[in-house]
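*Asks:* Just to be clear, the model below is a prediction. Sequence and coordinates:
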Amino acid sequence: MRWIWIDKFVEFESGRRAVAIKNITLAEDHLHDHFPGFPVMPASLMIEGMAQTAGILVGEARNFEEKVILAKIKRASFSGYARPGQQLRYEATIETISPEAAMTAGTIYCDGEPLGQVDLMFSHIDQNLSGLNFPEENFVFTEEFKSLLTTYQIRR
Amino acid sequence: MKFVLIDRITDLVPGERIVAVKALSLAEEYLADHFPRFPVLPGVLMIEALVQASAWLVRATEDFAHSMLLLADAKNVTYKSFVSPGQVLELTVEAKEIGPTGSRFTGTGRCGATEMVKAHWSLRHFNLADEDPRMGPMDEKLIVHARQQMALLRRL
């Protein structure tokens, strides 16, 4: 299992709003455990899809200079489940952003129908997680994540 | 096995609580992406581990009455620190309520004495046959698999 849970951005308004999509396919190994014979996308990985959509939005707002880490899932709620062959759409907006942290609100759609709500808090860890050990360099925004945004910007 | 987020159940009191462990190893592929220079357990997999532990508690409590146990909502999932390869996360889950179609929990994940995550969440329980009686055999298959899996997690 790799750890990239969005396929591409389809909308991106710097500092304000981002929309990404994720296709669900049986080619993904984790679905065969969750569950054997009746695969559904794990809710935790939909939270991660939203965290990646919102996290890149928050990171870009500060030119990827901050290390943006998920600090809290304020609320995540799901009304159903998503299956292989379906497409998820993650719509994230920044509610607040300060030197230390950012709050985002998000809605998940599955094939156009609302499926869940995920509200998150991110920490800019250089500013407020002192005491924890982590690398000096920005280990969060690797080329793999940034290329999702670069690809969107080139193609628009 | 690609999406099994607990390795062993160490204690289980039906209707009340479950304790389980998740060992983190650098052999796990997703750590290469999260993050290449700083491999740590993704926060959403901590909530997934808690969800999976709570699902085993429900299955043990209601003797595998339902094939599907899914996250309905999570609130105030707070992350305190990073879990690194070589560490073992111990998950302690307390049931607030286990009803016929849903359940509510609080839980923590600790590495030694250090609390890494705490969370509140609820599950939905149902059978696929509730919506479509033709799915009955699929429910049975899922439940047989769950029974085998639980025997494995408790025997280890």
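*Replies:* That came through, no problem.
*Asks:* C-alpha from now on. contacts and neighbour counts both.
*Replies:* Noted.
*Asks:* ok, now how distant is A:Gln87 from B:Asp139?
*Replies:* According to Cα to Cα, to the nearest Å, A:Gln87 and B:Asp139 sit 25 Å apart.
*Asks:* burial measure for residue 64, as a count.
*Replies:* Assuming you mean chain A. 17 (other Cα atoms under 10 Å in any protein chain shown).
*Asks:* Hmm, no, I was thinking of chain B.
*Replies:* 19.
*Asks:* in the chain, what residue sits furthest out from the centroid?
*Replies:* If you meant another chain, say so; for now it's chain A. What lies farthest from the middle of chain A is A:Gly37; by Cα atoms, centre = their mean that is 27.5 Å.
*Asks:* that's the wrong chain, I wanted chain B
*Replies:* Extreme point of chain B relative to centroid (Cα atoms, centre = their mean) is B:Arg134; 28.3 Å.
*Asks:* what sits up against the strand or helix carrying A:Lys72?
*Replies:* Applying DSSP states H and E as the criterion places A:Lys72 in strand A:68-78. Residues from elsewhere that reach strand A:68-78, judged by Cα atoms under 8 Å, 6 or more residues apart in numbering or on different chains: A:43, A:47, A:51, A:55, A:58-59, A:115-125, A:140, B:43, B:71-80.
*Asks:* burial measure for the nearest residue to B:Glu140 once chain neighbours are set aside, as a count.
*Replies:* In this structure, B:Glu140 finds its nearest non-sequential neighbour in B:Ser67, 7.4 Å apart by Cα to Cα, 6 or more residues apart in numbering or on different chains. For B:Ser67, the neighbour count with other Cα under 10 Å is 24.
*Asks:* for the one 10 residues further on, same thing?
*Replies:* Applying other Cα under 10 Å, we find 25 other residues in the vicinity of B:Val77.
*Asks:* Can you identify the element that follows the helix or strand harbouring it toward the C-terminus?
*Replies:* B:Val77 belongs to strand B:68-79 when assigned by DSSP H and E. Downstream of strand B:68-79, the first helix or strand assigned by DSSP H and E is strand B:88-98.
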